[in-house]
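# let's see this in three dimensions:
(2 chains)
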There are 2 protein chains.
Amino acid sequence: MNIVLHEAFQKMGEFLFCSHVILSSMNCLFLLETVRRNQMKLTKRSEDYSKWYNELVGLADLAEHSDVKGCMVIKPYGYAIWEKMKEELDRMFKETGHSNAYFPLFIPKSYLSKEADHVEGFAKECAVVTHYRLKNAEDGSGIVVDPSAKLEEELIVRPTSETIIWNSYKNWIQSYRDLPILINQWANVVRWEMRTRIFLRTAEFLWQEGHTAHATKDEAIAEAEQMLDVYAYFAEQFMAMPVVKGLKSESERFAGALETYCIEAMMQDGKALQSGTSHFLGQNFAKAFDVKFADKEGKLEYVWATSWGVSTRLMGALIMTHSDDEGLVLPPKLAPIQVVAVPIYKSPEELAAISEKIEAIGQELKKRGISFKYDNDDNRRPGWKFAEYESKGVPVRLAMGPRDLQHSKLEVARRDEKSKEVIDLDEAVGYIVGLLGEIQTNLFNRAQSFRIENTHEVDSYEEFKTRVEKEGGFYLAHWDGTKETEQKIKEETKATIRCIPLDQKEEKGICMYSGKPSVGRVIFAKAY
Amino acid sequence: MNIVLHEAFQKMGEFLFCSHVILSSMNCLFLLETVRRNQMKLTKRSEDYSKWYNELVGLADLAEHSDVKGCMVIKPYGYAIWEKMKEELDRMFKETGHSNAYFPLFIPKSYLSKEADHVEGFAKECAVVTHYRLKNAEDGSGIVVDPSAKLEEELIVRPTSETIIWNSYKNWIQSYRDLPILINQWANVVRWEMRTRIFLRTAEFLWQEGHTAHATKDEAIAEAEQMLDVYAYFAEQFMAMPVVKGLKSESERFAGALETYCIEAMMQDGKALQSGTSHFLGQNFAKAFDVKFADKEGKLEYVWATSWGVSTRLMGALIMTHSDDEGLVLPPKLAPIQVVAVPIYKSPEELAAISEKIEAIGQELKKRGISFKYDNDDNRRPGWKFAEYESKGVPVRLAMGPRDLQHSKLEVARRDEKSKEVIDLDEAVGYIVGLLGEIQTNLFNRAQSFRIENTHEVDSYEEFKTRVEKEGGFYLAHWDGTKETEQKIKEETKATIRCIPLDQKEEKGICMYSGKPSVGRVIFAKAY
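A predicted model of the protein is given here:
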């Protein structure tokens, strides 16, 4: 049974359903439930990181594959984390002067072709709408596409919205007084990926895309840099995930951008994950869509543009930065439930007495804006609940039994370090508030230490090749600045240039691959 | 020029752009701007309600048609109103125990066919994805659909998500302990409409769709009714729009539902607008997707379902309930800017002195959670600003000139009644807070009086036919309960049964059309 369950992990839903049909008795269902909880030991990270990740996404009830190839279902607990991310980001976008708007899901095929680089990057793998009607099959076999309802021009489900948005901006911008336009959109986008992984690479994903229009080049660059800073701040302060800010090399740039700024984070397997990008688009889209404005002197100029985005990929980054072999670990600032309390009791009287104490603490925590859940569900045992909230990454778990009650004590367990303390009840609220802050800081520090330990300067290509393969991590190395060298290194090692760090030190050196001169070190790593 | 501008109203963007290219001098641009503001007199509601609506959507900068047939662009000001709606609704959904989640955009064609009524209702006009790749045309003429990338099964862009969601619930539900499932989704949906109007009927629109699963019929019905109440509360308390709660007749029911509950509002032209629906789906989708649960005795039962939704259509309802010939009128609770202040000054010294007073008021208002904008933009004249905020429906406008300053006075204008008062500066904050509440109530009362005045009991079909055509409005009339009668009345008058009111009085009568017996009056009206 264990083996079957373990192997069937990713199809757990189906498995339970089938078993259920076969067994169909409540005893068996309860048994299965217990088995599920007890047997759902994750594969260890050290054994198979990728398998651990997939299992964790299921165990913590974050998301699952849908029957539609490449599309995921984001389950309520996963979506609650995404909502918290959205809320913070949206607030920061508004604080920096941006407004939200909404543009069409569909892009006429011809729009994609208007910007030469853009079409190369995005026209290839996308969902194409060719018809607008179904009808009953003449042979009565079901419904079929109505051939008479063929679109004159095919529509593409947006892979990104630069083209459809600049086609609108064309009508919105006449004079310098119409600028800047600072708009963000929260939307779903589709890129037809063949190899998908939940949150990291899916055909449909959720994201935000900012699209701004400016009168000057400097202003557009400042905007792109500002939004990179917003992303970095969010990643570090809320996700507790340290990031390197940098510029992409030419071959890794967004299709249509003059510069792509990025934040890169290191996952626990030493691989890099690009977590957000901000593009300086120059006048490329303004030229493609003929968007000019009259400046103060009445002279017509093309408009300068940026775009910037983060997506549900951040969920993958969050998981892989902090979680452990027991399950999800969440930074308190993004945890849907920050504190959970579990009563341990034998009689209704005990429960009532414990509940009174715990609920008083809960009230105080809620007053301080802390999300608190009291799980007094009588159908589940404390051990089951402990495992449940551990796997879901609830930062702080409280427990109180009859003895604690008697001595006015409370057990406080922190998820990040898996440690427990017994504290005095009357100190509980202050202690918990402080602990949440401490966990947030600890997670960031832990991730930062890990990154520092796994970031190396290398000068020899042989050393680089061996280490990047065996150890993973980030490698600061000299590069001659050419596409050719980058491409060859990628082919030979599967590592890519993650970014040219914005804080790159000026340091003359020679390219580890070609021996040609270099002005500073860039970061190489294998990446998601 | 006036005539050209007026006729070109709906293409104003293009017009300005063309003119701009031709004239291309700043003087002309300023002129155009002034002309735009002065000439943008709306068509009067009494002249052409439909034209008034379209012009208003443009004038208030809410939304516009995109180049993609049937799809709209929701502009920042319009989207800010929608965001306020979302925020309140989302809060109410969570307060009633619901969580948000996200399901795929695409639905395999075969899923639509699984529920017999559902396919009839939704499979006809929809966007069909048939391919997943584009490629460069061999003749170099651009990009074309790659015929080798044809999907085995076509995907439908979701017109509503019952099928894809119940296909997931199948795996989530085994026992009564998994129930209820109370999930909501905020999403975009597509129904290929041929005749579209912004917000009221567009191919793509934004909405929320709740999908719940229950162990018993009673619980599902209670859920459907609860959500109808949430919608009605939102409509009346936030949109200041009175609604009639009722049940749809069989022929107006949602495709797949056993009962459709609805809220119906009356627009200023006397037409009805269905503003939200909540469906009791029985076990139809559970049967279609084979979703059973084991009850407490271990017996397998099909699950009971509801779904419920409101959409960006509410934006159209909001506009048409309150706005006037000068532009948008917004209830304070949904206004992105609740109070705007405009300084009137000749010298920088005057501006500084006025600003000090106004900003102090602004600070106090913000402390009370009121959104306040101080428009001290030196590029626009006060008259221009007054017109701008009037057209955008800002509930309260403050103005202060040198004489006001001298006498410690403030001019306060309310948008709903287009009246002004001059008040003492030191009473301003309390007065404004009270006024916002008064405007909210006044708008509701005004709309309710209008509805009462335009709701009539009729017994004669001849009278009904004449009046519904000439006067519009709601008609409470007896109906024999048959589809045939409903259909004939619709064909002859274009009026439909909007709902069977939940508070329908028991009253024996005879159907105004067929003369057959009836147990109570239903509401007939022409509808959007």
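# now residue A:509. Nearest residue, chain neighbours left out?
Among residues not flanking residue A:509 along the chain, residue A:478 sits closest, at 3.9 Å (Cβ to Cβ, 6 or more residues apart in numbering or on different chains). C-beta here means a position set from N, CA and C on the backbone, and glycine is covered the same way.
# does the one you found touch residue A:515 like I think?
No. Using Cβ atoms under 8 Å as the test, residue A:478 is too far from residue A:515 to be in contact (9.5 Å).
# for the residue of chain A positioned farthest from its centre, which three-state class applies?
In chain A, the residue that sits farthest from the middle, by Cα atoms, centre = their mean, is residue A:139; the gap is 47.0 Å. Of the three states, residue A:139 takes coil under DSSP: H, G, I helix; E, B strand; the rest coil.
# so what are the domain limits for chain A?
As recorded under automatic domain parsing, the domains making up chain A are A:2-60, A:78-322, A:332-447, A:455-525.
# most packed of those domains?
Comparing the domains of chain A by mean neighbour count (mean count of other Cβ atoms under 10 Å in any protein chain shown), domain A:78-322 ranks first with a mean of 21.
# what about that domain, start to end distance?
15 Å (Cα to Cα, to the nearest Å).
# average pLDDT for the strand or helix carrying residue A:275?
Per DSSP states H and E: residue A:275 is located in strand A:272-282. For strand A:272-282, mean pLDDT is 98.
# just the C-alphas of that strand, formatted as CSV.
Extracted in CSV, the C-alpha atoms of strand A:272-282 (Å, rounded to 0.1, in the frame of the first residue of the first chain):
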residue,chain,number,x,y,z
ALA,A,272,19.1,30.3,-10.5
LEU,A,273,15.5,31.4,-10.9
GLN,A,274,14.8,34.6,-12.8
SER,A,275,12.1,36.2,-10.6
GLY,A,276,11.2,39.4,-12.3
THR,A,277,12.2,41.5,-15.3
SER,A,278,11.9,45.1,-16.2
HIS,A,279,12.6,46.1,-19.8
PHE,A,280,13.7,49.4,-21.3
LEU,A,281,12.1,49.1,-24.7
GLY,A,282,13.6,52.3,-26.3
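# relative to the whole chain's centre, how far out is that strand?
Relative to the chain's own centre, strand A:272-282 is displaced by 14 Å; criterion: Cα atoms, centre = their mean, to the nearest Å.
# residues in contact with the host helix or strand of residue A:310?
According to DSSP H and E, residue A:310 maps onto strand A:304-311. Residues outside strand A:304-311 that contact it (Cβ atoms under 8 Å, 6 or more residues apart in numbering or on different chains): A:89, A:160, A:162, A:166, A:189, A:205-217, A:219-220, A:223-224, A:227-228, A:231, A:234, A:254, A:257, A:275-286.
# figure out which of the domains of chain A is closest to residue B:300.
domain A:2-60 (6.4 Å; Cβ to Cβ).
# on that earlier part again, out of the contacts of strand A:304-311, who's near chain B?
Of the residues in the contacts of strand A:304-311, proximity to chain B by Cβ under 8 Å from any Cβ of the partner chain holds for residue A:206.
# please enumerate the helices of the stretch 101-250 of chain A.
Under the criterion DSSP state H, counting those that start in this stretch, helices of the stretch 101-250 of chain A are mapped to A:109-112, A:116-122, A:162-172, A:217-237.
# so can I have CSV of those helices showing mean pLDDT?
Output for these, formatted as CSV (pLDDT from 0 to 100):
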stretch, mean pLDDT
helix A:109-112, 91
helix A:116-122, 78
helix A:162-172, 97
helix A:217-237, 98
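# in chain A, which helix or strand is least confident?
In chain A, no helix or strand scores lower on mean pLDDT, DSSP states H and E than helix A:12-23, which sits at a mean of 35.
# perfect, I'm done here.
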